[in-house]
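A.B. asks: Requesting a structural model of the entry that follows:
(chains A and B)
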Amino acid sequence: MYAQMVKSTGKGIKSREEMTDEERQFQDRVDADEKIEPKDWMPEGYRKTLIRQIGQHAHSEIVGQLPEGNWITRAPTLERKAILLAKVQDEAGHGLYLYCAAETLGVSRDELMEKLHSGDMKYSSIFNYPTLNWADIGAVGWLVDGAAIMNQVPLQRTSYGPYSRAMIRICKEESFHQRQGYDIMMKMAFGTEDQKKMAQDALNRFWYPSLMMFGPSDKDSVHSAQSMAWKIKINTNDELRQKFVDQTVPQAEYLGLTVPDENLKWNEETGHYEFTEPDWSEFFEVIKGNGPCNKERLGARVKAWEDGAWVRDGLMAHAEKKAAKVAAE
Amino acid sequence: MSTEWPLWEVFIRGQHGMSHRHVGSLHAPDAEMAIKNARDVYTRRNEGVSIWVVKAADIAASSPSDKGPLYEPSQSKVYRHPTFFDIPDDVGAM
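C.D. replies: Okay, the predicted model is just below:
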């Protein structure tokens, strides 16, 4: 769900009769929960959709370092700073696992970078919101990583082997992220009046953007239906959003904080909370590039890439020179 | 555009006495940097005691379409498994 609105073939699912022999064999393997590996035959749509989805997921991990990196030098204690540094480093690692998984599908790292920088590929809408106070770092870990886990846990069972293995590694590390966020929220919510206000303010600003992370309702989407048939999407966006709300509301209550939704109420019959949908027009604006921090985030990525070019070139030239020397000896 | 750093496959020995296992891949200009990067990317939580890196381009792999000719012959040789042979209980553990 770091991947939003990933489009597949757009044609809907083929019936078994419409499929070629290869497609049918492929679908049988997916249905039997066999993992598809890089050198196996796969439909072109499966390959392309996965490149978009895994690439977007990887970009989200990398861009996601920026809002949190903003607070590394401002963390309130040395311990908080060390923890945040480790967390942000994990995000870099997650991005790298995912880029490698995408590369097994025949796209190069540089192509992926270029597509991010040109705006051709997206990253999650959530990272276009600013982190204004220290409690935001708590809210990001608790809500944003919490929402990410919701989606990533089922994706461990995805049909594509390298993606599944990357998700397994990521999920192992992700619960540290959510717990460190909640730990910050507890400290703030149970602290002074001012600290509690900061915690409430962070929840107010991050609640709806977190709900948007799951993407708009896709119960009627042909893209989602195809992705689910291929097992590269396991649950609908609405299912995951509901699960997230059900899990998070009691956690907010424990903190003594108020979820900023007047319509939020427990429904005894369904066993779920009823809640207000986020403002989807805001979501589409953010996706289009008009969120509060889009330009800053992408600008920081492009600058890091361009400023690092001489280092990449220098190390490559050094490696080539050394290899030539060894070959000559 | 400058040249992309080559891709390296990373193998990690998780504990003493175990063999190295493939954990993933990364880009690095040379083997020395690949090991350093592998340390940062794949062993942030004590996952290993030893790292191997191999250039991805240097790995030869069997093709999925060879699955039949490569592995079928062993399927018909059930006598390679100890359970193929009935040993009377009276003989004791074997």
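A.B. asks: I'd guessed A:I13 sits against A:A229; true?
C.D. replies: Yes: applying Cβ atoms under 8 Å, one finds A:I13 in contact with A:A229, separated by 5.0 Å. For glycine as for every other residue, the C-beta is placed from the backbone atoms N, C-alpha and C.
A.B. asks: Okay, and the closest residue to B:H27 other than its chain neighbours sits in which element?
C.D. replies: Distance criterion Cβ to Cβ, 6 or more residues apart in numbering or on different chains; nearest residue to B:H27, sequence neighbours excluded, is B:W5 at 4.1 Å. In this structure, B:W5 sits in neither a helix nor a strand according to DSSP states H and E.
A.B. asks: Over to the one 4 residues further on?
C.D. replies: Using DSSP H and E, the element containing B:E9 is strand B:7-13.
A.B. asks: Find me the pLDDT at residue 80, would you?
C.D. replies: In the absence of a named chain, this looks at chain A. Note on A:R80: pLDDT of 97.
A.B. asks: should've been chain B
C.D. replies: 91.
A.B. asks: How many neighbouring residues does the residue lying closest to it once chain neighbours are set aside have?
C.D. replies: Distance criterion Cβ to Cβ, 6+ apart; nearest residue to B:R80, sequence neighbours excluded, is B:S74 at 7.3 Å. Using other Cβ atoms under 10 Å in any protein chain shown, B:S74 is surrounded by 9 other residues.
A.B. asks: Equivalent analysis for B:S63, please.
C.D. replies: 9.
A.B. asks: can you pull the contacts of it?
C.D. replies: A:K39 (Cβ atoms under 8 Å, 6 or more residues apart in numbering or on different chains).
A.B. asks: again, but for A:L98
C.D. replies: A:L98 touches A:54-55, A:57-58, A:61, A:163, A:166, A:170, counting by Cβ under 8 Å, 6+ apart.
A.B. asks: Quick check: longest helix in chain B by residues?
C.D. replies: Secondary structure assigned by DSSP state H gives helix B:31-42 as the longest helix of chain B.
A.B. asks: Is the next helix or strand after it in proximity to chain A?
C.D. replies: Once the chain leaves helix B:31-42, the next helix or strand it forms, by DSSP H and E, is strand B:50-55. No: applying Cβ under 8 Å from any Cβ of the partner chain, one finds strand B:50-55 out of contact with chain A, separated by at least 11.1 Å.
A.B. asks: quick one: buried residues of whichever helix or strand comes after strand B:50-55?
C.D. replies: The C-terminal neighbour of strand B:50-55 among helices and strands, as given by DSSP H and E, is helix B:67-75. Across helix B:67-75, burial judged by 16 or more other Cβ atoms under 10 Å in any protein chain shown covers no residue at all.
A.B. asks: What parts of chain B come near chain A?
C.D. replies: B:1-5, B:7, B:24-27, B:29-30, B:33, B:40-41, B:44-45, B:61, B:63-64.
A.B. asks: Which residue, other than its chain neighbours, is closest to A:A102?
C.D. replies: A:A102 sits nearest to A:I54 (Cβ to Cβ, 6+ apart), 4.2 Å away.
A.B. asks: Enumerate every residue touching the one you found.
C.D. replies: A:3, A:98, A:101-102, A:105, A:163, A:166.
A.B. asks: Kindly indicate the member of these with the most neighbours.
C.D. replies: A:L98 (29 neighbours).
A.B. asks: so what pLDDT did that residue get?
C.D. replies: A:L98 is assigned 97 on the pLDDT scale.
A.B. asks: Remind me which helix or strand it belongs to.
C.D. replies: Per DSSP H and E: helix A:78-103 holds A:L98.
A.B. asks: what about that helix, distance to the chain center?
C.D. replies: Offset of helix A:78-103 from its chain centre (Cα atoms, centre = their mean, to the nearest Å): 12 Å.
A.B. asks: Please apply the same query to stretch A:11-19.
C.D. replies: Worked out by Cα atoms, centre = their mean, stretch A:11-19 lies 30 Å from the chain centre.
A.B. asks: List the contacts of that stretch.
C.D. replies: So stretch A:11-19 is in contact with A:23-24, A:27, A:222, A:225-226, A:229, going by Cβ under 8 Å, 6+ apart.
A.B. asks: start to end distance for that stretch?
C.D. replies: Using Cα to Cα, to the nearest Å, the end-to-end distance of stretch A:11-19 comes to 13 Å.
A.B. asks: in that stretch, what's buried?
C.D. replies: A:13-14, A:19.
A.B. asks: averaged over its residues, what pLDDT does it have?
C.D. replies: Stretch A:11-19 comes out at a mean pLDDT of 84.
A.B. asks: try stretch A:312-325
C.D. replies: 94.
A.B. asks: for the stretch 1-150 of chain A, what spans make up the helices?
C.D. replies: In the stretch 1-150 of chain A, the segments counted as helices under DSSP state H, counting those that start in this stretch are A:21-31, A:44-63, A:65-69, A:78-103, A:109-118, A:134-139, A:145-155.
A.B. asks: any bit of stretch A:60-80 sitting next to chain B?
C.D. replies: No: Stretch A:60-80 does not reach chain B (Cβ under 8 Å from any Cβ); its nearest approach is 12.4 Å.
A.B. asks: Endpoints of that stretch, how far apart?
C.D. replies: By Cα to Cα, one end of stretch A:60-80 lies 23 Å from the other end.
A.B. asks: Next, the buried residues of that stretch.
C.D. replies: Neighbour-count burial for stretch A:60-80 [16+ other Cβ under 10 Å]: A:60-72, A:75, A:80.
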